[in-house]
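Enquirer: For reference, the sequence and a predicted model appear below.
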Number of protein chains: 2
Amino acid sequence: MTIAHIAQEAGVSVPTVSKVLNGRSGVSDQTRARVEELIERHGYRKAPPKSNNILELVFHELAGMQAVDVIRGVEQVARKHRFGVVISESGLREATALDDMLERRPRAVLAVGRLSEAERDQLKTRGIPFVLLDPAAEQPDEVPFVGATDWRGGQMAVRHLIGLGHRRIAVITSQTDDSPGRARLAGFHSAMQAADLAVDPALVVGAALTREGGHGAAAGLLAAAVRPSAIFTSSDLQAMGVYRAAREAGLRIPEDLSVVGFDDLPVGAWVDPPLTTVHRPLAEMAAAAAEMALILGRGEEPGQLGLEMATTLTVRDSTAPPRTGN
Amino acid sequence: MTIAHIAQEAGVSVPTVSKVLNGRSGVSDQTRARVEELIERHGYRKAPPKSNNILELVFHELAGMQAVDVIRGVEQVARKHRFGVVISESGLREATALDDMLERRPRAVLAVGRLSEAERDQLKTRGIPFVLLDPAAEQPDEVPFVGATDWRGGQMAVRHLIGLGHRRIAVITSQTDDSPGRARLAGFHSAMQAADLAVDPALVVGAALTREGGHGAAAGLLAAAVRPSAIFTSSDLQAMGVYRAAREAGLRIPEDLSVVGFDDLPVGAWVDPPLTTVHRPLAEMAAAAAEMALILGRGEEPGQLGLEMATTLTVRDSTAPPRTGN
DNA sequence: CTGAAAGCGCTTACAG
DNA sequence: CTGAAAGCGCTTACAG
């Protein structure tokens, strides 16, 4: 966008636009108003608006031990392409933060977890392409994303428990309507159904995706008259809460209770017993999303606009055959 | 003063000066040197080389669960000042990465852990101020830094153990010559000396600051004829290794062995028993370092050029009086 | 490696 | 008031 563009659109000459921009006299009020309106509309700034080699990485919440994996995966890809990664926590929600971001003229935006319609519109208007990593909610079809095969992960976890002989399997799912959580729960149901096992509704409990959430939910499950022999959680953090509830109830893992987590956080390998869990290749997902964002940033078409990377089951020592046949 | 003046004075053409200014190739070393000398002499700058509202956050190694705390602390301060945070892992070691960083014209650099003399020189030459967060090695006096009171932390941890009645206290320190590790060890010695306790050299063991390092070192300590009744480690990760070694040796924590960690990672609160450890206020340190970097970036003088923030002892359940009086 | 020439976006001086 | 023309400092593409 140059003053030549503005001039053409306003139907005046380049010098006239120049005068308006510099507050010079010698321009009719009418012409001045028309030109100013166009300058405003296009957000014209004399500095060349060429975008910088910057990839914006926007977190909804910058916390947890998985964020580093994401950052690292993105940073390595960006460095290879000689891009800088700007990290922000509420980059798009706060108006000034959004302004600041636009000021940086990034080539693409990589959002983690969520990206509202308003935010997407803002970016579309400026012509800044975006990719959503690990979407927390359903998105319109045209939103490019990279996720994990959560449904298959849930299925794998529960099939593993069924294969060990478990029948009374409880699931601690997320409370909110998040899409990965729903997919994991659906995987649970699917595996149960495939094995012709009925699901006791009392064994499906919603809880926050935290250690406290898992602790509360598991305490309830383990206090019931007839306990589950295994619990599948929607996150390793919840599984840590289950460990605590089991300790408090005097139950040993895996002898009295099998536990399967989800995410494969480092902590899972350190606890006693080491946690069986569903691995999500977060660093690889982040790298793929970054590549996708940079491709879009170059104005090219990526091979695909959506991608789910495979989850795998990491079997450690928190799962074993149930004590009795129940 | 235009490049035409420089060109005339240097006896070269305008395009040649332009190339030198923009670091393009196709200029002989001799010509380049002559032009650069004149540019320097006249203090020529093309369009105002105004730096961007960017703070570079440079990690030596972007890993571990503490990195997020640092990033978050820095991001929040930067956002308040309407600065963007660019994260990089080897920002300064790789030549191209350094070029890319200079291209971004950041106002300041915040390095985590280390910053070599060559890197400092590069930044000084470009007039980009820097701050070192959590320095891993001794630095010249003029390097602005933010650290933690590691020496006091070590002292506190060991005083706590002595207060519980421990006499045979082992320490697992870092293998390398890192400055915080040395300070923690010195704190140990200082506390022992203040209590008139002799230090058995066999109870001072170097190990990597990892779970594996702690495991190996602790296995050795616990296999000795006369075991320590308490182990102070230089990191929570090492403490996790001590937990494992204790399990393998059939020792209970804290009944048979007290353990104190260092760092206060989240995992410490989740393990069984929850870990007594020395807390380092990393997020606060990061925020303070960011403020300092931004002050320097504005060309102002910060109140102080070095800062150590207080460590505190977080007492949980991994420490108790020793079994016998040994 | 070097620089004449063309071109960039913008401003200025001036004819209408 | 308006805009064709000349000019500004700088960069780029390219011939030598």
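Expert: Looks like it came in fine. In this text the structure is predicted, and so the values were computed from the model without any measurement.
Enquirer: And the closest residue to A:G147 other than its chain neighbours, how far from B:E117?
Expert: Nearest residue to A:G147, sequence neighbours excluded (CB to CB, 6 or more residues apart in numbering or on different chains): A:E308, at 4.9 Å. Using the backbone N, CA and C atoms, a C-beta is placed for each residue, glycine as well. Using CB to CB, to the nearest Å, we find A:E308 at a distance of 47 Å from B:E117.
Enquirer: go on, A:V131?
Expert: The value you get for A:V131 to B:E117, if CB to CB is used, is 40 Å.
Enquirer: do A:M101 as well
Expert: Following CB to CB, the distance that separates A:M101 from B:E117 is 35 Å.
Enquirer: Quick one: mean pLDDT for stretch A:112-126?
Expert: When pLDDT is averaged over stretch A:112-126, the result is 88.
Enquirer: Can I get it in PDB, CA atoms only?
Expert: These are the backbone C-alpha positions of stretch A:112-126, laid out as PDB (Å, rounded to 0.1, in the frame of the first residue of the first chain):
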ATOM      1  CA  VAL A 112      -2.600 -23.000  21.000                       C
ATOM      2  CA  GLY A 113      -5.900 -24.400  22.200                       C
ATOM      3  CA  ARG A 114      -8.400 -21.800  21.000                       C
ATOM      4  CA  LEU A 115      -9.000 -19.000  18.600                       C
ATOM      5  CA  SER A 116     -12.300 -17.200  18.700                       C
ATOM      6  CA  GLU A 117     -14.300 -16.200  15.700                       C
ATOM      7  CA  ALA A 118     -13.600 -12.500  16.500                       C
ATOM      8  CA  GLU A 119      -9.900 -13.200  16.600                       C
ATOM      9  CA  ARG A 120     -10.000 -15.200  13.400                       C
ATOM     10  CA  ASP A 121     -11.800 -12.300  11.700                       C
ATOM     11  CA  GLN A 122      -9.200  -9.800  12.900                       C
ATOM     12  CA  LEU A 123      -6.500 -11.900  11.400                       C
ATOM     13  CA  LYS A 124      -8.300 -12.600   8.200                       C
ATOM     14  CA  THR A 125      -8.900  -8.900   7.700                       C
ATOM     15  CA  ARG A 126      -5.200  -8.200   8.000                       C
END
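Enquirer: Mind listing what's buried along that stretch?
Expert: A:V112, A:G113, A:R114, A:L115, A:E119, A:R120, A:Q122, A:L123, A:R126 (16 or more other CB atoms under 10 Å in any protein chain shown).
Enquirer: State the phi and psi torsions of the fifth one.
Expert: With angles defined as degrees, to the nearest 10, A:E119 shows backbone torsions of phi -70, psi -40.
Enquirer: contacting residues around the closest residue to A:R227 other than its chain neighbours?
Expert: Once flanking residues are discounted, A:R227 sits nearest to A:L221: 7.0 Å by CB to CB, 6+ apart. By CB atoms under 8 Å, 6 or more residues apart in numbering or on different chains, the residues touching A:L221 are A:A170, A:I172, A:L203, A:V205, A:R227, A:P228, A:I231.
Enquirer: you'd agree the last one is up against A:V242?
Expert: Yes: applying CB atoms under 8 Å, one finds A:I231 in contact with A:V242, separated by 5.4 Å.
Enquirer: list residues touching both of those two?
Expert: With CB under 8 Å, 6+ apart as the test, A:I231 and A:V242 both reach A:I172, A:A218, A:L257, A:V259.
Enquirer: per-residue confidence at the second one?
Expert: A:A218 carries a pLDDT score of 98 in this model.
Enquirer: List the buried residues in stretch A:15-32.
Expert: A:T16, A:V17, A:S18, A:K19, A:V20, A:L21, A:V27, A:T31, A:R32.
Enquirer: and the buried residues of stretch A:112-126, which of them are in helices?
Expert: A:E119, A:R120, A:Q122, A:L123, A:R126 (DSSP state H).
Enquirer: Out of the contacts of A:L221, the closest to DNA strand C would be?
Expert: For DNA strand C, the closest of those turns out to be A:I172, at 58.9 Å, with distances computed as CB to the nearest atom of the strand.
Enquirer: Double-check that the closest one belongs to a helix.
Expert: No: under the criterion used here (DSSP: H, G, I helix; E, B strand; the rest coil), A:I172 is strand, not part of a helix.
Enquirer: and A:A245, what does it touch?
Expert: A:G214, A:H215, A:A218, A:A219, A:L222.
Enquirer: Which ones among these map onto helices?
Expert: Using DSSP H, the contacts of A:A245 in helices are A:G214, A:H215, A:A218, A:A219, A:L222.
Enquirer: Hmm, the second one is touching A:A239, no?
Expert: No: with contact taken as CB under 8 Å, A:H215 and A:A239 are classed as non-touching, separated by 10.3 Å.
Enquirer: Who has more neighbours out of these two?
Expert: A:A239 (31 against 22; other CB atoms under 10 Å in any protein chain shown).
Enquirer: Alpha carbons of the helix or strand the more buried one falls within, as PDB, please.
Expert: Following DSSP states H and E, the helix or strand that holds A:A239 is helix A:236-248. Extracted as PDB, the C-alpha positions of helix A:236-248 are listed here (Å, rounded to 0.1, in the frame of the first residue of the first chain):
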ATOM      1  CA  ASP A 236      -1.800 -37.400  33.700                       C
ATOM      2  CA  LEU A 237      -2.500 -34.700  36.200                       C
ATOM      3  CA  GLN A 238      -5.800 -36.300  37.000                       C
ATOM      4  CA  ALA A 239      -4.000 -39.600  37.300                       C
ATOM      5  CA  MET A 240      -1.700 -38.100  39.900                       C
ATOM      6  CA  GLY A 241      -4.800 -37.200  41.900                       C
ATOM      7  CA  VAL A 242      -6.000 -40.800  41.500                       C
ATOM      8  CA  TYR A 243      -2.700 -42.000  43.000                       C
ATOM      9  CA  ARG A 244      -3.300 -39.800  46.000                       C
ATOM     10  CA  ALA A 245      -6.900 -41.000  46.400                       C
ATOM     11  CA  ALA A 246      -5.700 -44.600  46.200                       C
ATOM     12  CA  ARG A 247      -3.100 -44.000  48.800                       C
ATOM     13  CA  GLU A 248      -5.600 -42.400  51.100                       C
END
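Enquirer: coming back round to it: TSV for the buried residues of stretch A:15-32, including secondary structure and pLDDT?
Expert: Output for the buried residues of stretch A:15-32, formatted as TSV (DSSP: H, G, I helix; E, B strand; the rest coil; pLDDT from 0 to 100):
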residue	secondary structure	pLDDT
A:T16	helix	91
A:V17	helix	88
A:S18	helix	88
A:K19	helix	87
A:V20	helix	85
A:L21	helix	82
A:V27	coil	87
A:T31	helix	89
A:R32	helix	86
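Enquirer: Can you name the residues of chain A that neighbour DNA strand C?
Expert: A:2-4, A:14-15, A:17-19, A:21-22, A:24, A:26, A:46, A:48 (CB under 7 Å from any atom of the strand).
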